[in-house]
Each structure stands twice: as C-alpha cells, then as structure tokens.
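Student: coordinates only, sequence not included:
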C-alpha cells in the first residue's frame, strides 16, 4: 500500500489477486472485493477476512510512524483528524480526539502473542526492528449446550524504538449463537487498549446486533453501527464473525 492507501500489489499462493491492484483501502474497496472475488466472500474464507481488513488497517497503520519520527509526516495529525470527524464514536464532534494537539502516547508495551509454553498457540511471526504495524486477530469457536460459543481477540500494535512493541487498539469479544439457526443470542465486548477517553463508548451499541444471523454480520454491522454509533476497528472485529459458520463446519 502507498500512503494514499492504494494497493500497489497483492499476492496469494492460491488465487490470482492482481485485479485488486489500484483499488484503495477505504475507497469502496469492499465493493471491489465483492465484484472481483465474490466466491471468497460467499464462502466466508480466511482469505476474504484478510483482504477485508485492508480498509481498517490502511486507515490506522500510519500511526506507526508516530513512534519513530515527527508526526507531521503524511500531512500531520491536525489535517488528518479533521477529515475523521464523526467517522466513529471516538471522533464524534466535541470529543477529545478532535481537541488534542497530538495523539496521546498512552500505548502500553505488549507481550508477544505466542505462548512460549505452547508451540501451537500462534503461527510464526517475523521479528521486525524498524517501523512496522501489525493487526492480529483470533477467532476461537466451540460447541456447548446447543450453541456455538465465540471468543474473539483483536490487537493493533506497532514497533517502538524504546519499548519494542506497543498497542493502540485491543478488544476482546465473547458471543453465543444458536447452533441450528446461527442467530446471535448474546454478545459482549471488553476494550483493553484504546487511544481516546470516549472510544470505549462504542461497546454499548453492539447489543443492537443480537438477533442477527452470523452469516449476515458483514452487511448488518455496517448498516446498524455506522459513524458515531460504532468503532471502526470494533466493527471490523464484529464483521469477522461472519466467518464463524466456516469454523463451525470444522468442529465435526
């Protein structure tokens, strides 16, 4: 991706994705994905989940530079934040995100994702010493009393020259769905790390998603939690629950 969030190149060892070159993260990219790789979206594949994340990742990944050099890079914080007014709960009109002179440096150091006592806890991740941003996601699913239980983790982090790796977003979501209908019965979210004081307010509205069939989460989240009703990154996490039926198919 370039600084303009346009895809310069994208490769995958299973299918040809060159049709996505030139598409822009956030610029109706999901409509392009639906047109170019509709089979992947319809099948709820892991590949689609990764590509769908480009919009959210490209929106926030430039934050990594703030840990290494003057944040005036890429137009500066002031210019960017004015473009983001009312894009989400945290950037609602009057909130601290629109009043701070610079992004708050309230980003804690995070431990490695992999559990050193469990070789299968996470896939191998590259060790990067320079400027880098990472979005990590986890979706665990199991069957219990006629329901599917979901435990979902999400973390956006970046390298830091002094602290190693620090996080800007981290959520955990717990949900329950009916095993026969796939209808979402319960959901709760815990915000662990967020940049602005008002950001956690977004979790209150996710109860509006109860009753939604998991397969419809991608479109329903966008329709139900737009703008200041939701958090851009929490919405990404919730939309990913549309892939749960595929995981459920592996339980047997």
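Tutor: Arrived safely, thanks for sending. Predicted model only: the values in this text are computed from it and were never measured.
Student: so where do the strands sit in the stretch 101-250 of the chain?
Tutor: Using DSSP state E, counting those that start in this stretch, the strands assigned to the stretch 101-250 of the chain run over residues 133-144, 147-160, 164-178, 184-193.
Student: dump those strands to JSON lines, plus distance to residue 51.
Tutor: For every residue, glycine as well, the C-beta is placed using N, CA and C. Formatted as JSON lines, the strands of the stretch 101-250 of the chain follow (distance: least, CB to CB, whole Å):
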{"stretch": "strand 133-144", "distance to residue 51": "13"}
{"stretch": "strand 147-160", "distance to residue 51": "17"}
{"stretch": "strand 164-178", "distance to residue 51": "20"}
{"stretch": "strand 184-193", "distance to residue 51": "24"}
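Student: now for these, which one comes closest to residue 88?
Tutor: Smallest distance to residue 88 across the strands of the stretch 101-250 of the chain (CB to CB): 11.2 Å, for strand 164-178.
Student: quick one: buried residues of that closest one?
Tutor: 165-173, 175-177 (16 or more other CB atoms under 10 Å).
Student: same question for stretch 134-141.
Tutor: Of the residues in stretch 134-141, 134-135, 139, 141 count as buried by neighbour count, 16+ other CB under 10 Å.
Student: which one of the residues you listed sits closest to residue 29?
Tutor: Nearest to residue 29 among these, with distances taken as CB to CB, is residue 135, at 15.2 Å.
Student: pretty sure the closest one sits against residue 153.
Tutor: No - taking contacts as CB atoms under 8 Å, residue 135 lies outside contact range of residue 153: 11.4 Å.
Student: returning to what we had before: how about the strands of the stretch 101-250 of the chain in JSON lines, adding mean pLDDT and distance to residue 62?
Tutor: Below are the strands of the stretch 101-250 of the chain laid out as JSON lines (pLDDT from 0 to 100; distance: least, CB to CB, whole Å):
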{"stretch": "strand 133-144", "mean pLDDT": "94", "distance to residue 62": "8"}
{"stretch": "strand 147-160", "mean pLDDT": "95", "distance to residue 62": "10"}
{"stretch": "strand 164-178", "mean pLDDT": "95", "distance to residue 62": "11"}
{"stretch": "strand 184-193", "mean pLDDT": "96", "distance to residue 62": "18"}
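Student: so which of the ones you listed gets nearest residue 252?
Tutor: Minimum separation from residue 252 across the strands of the stretch 101-250 of the chain (CB to CB) falls at strand 133-144, 9.3 Å.
Student: direction included, what does that closest one pair up with?
Tutor: Next to strand 133-144 in the sheet, as set by DSSP bridges, lie strand 147-160 (antiparallel).
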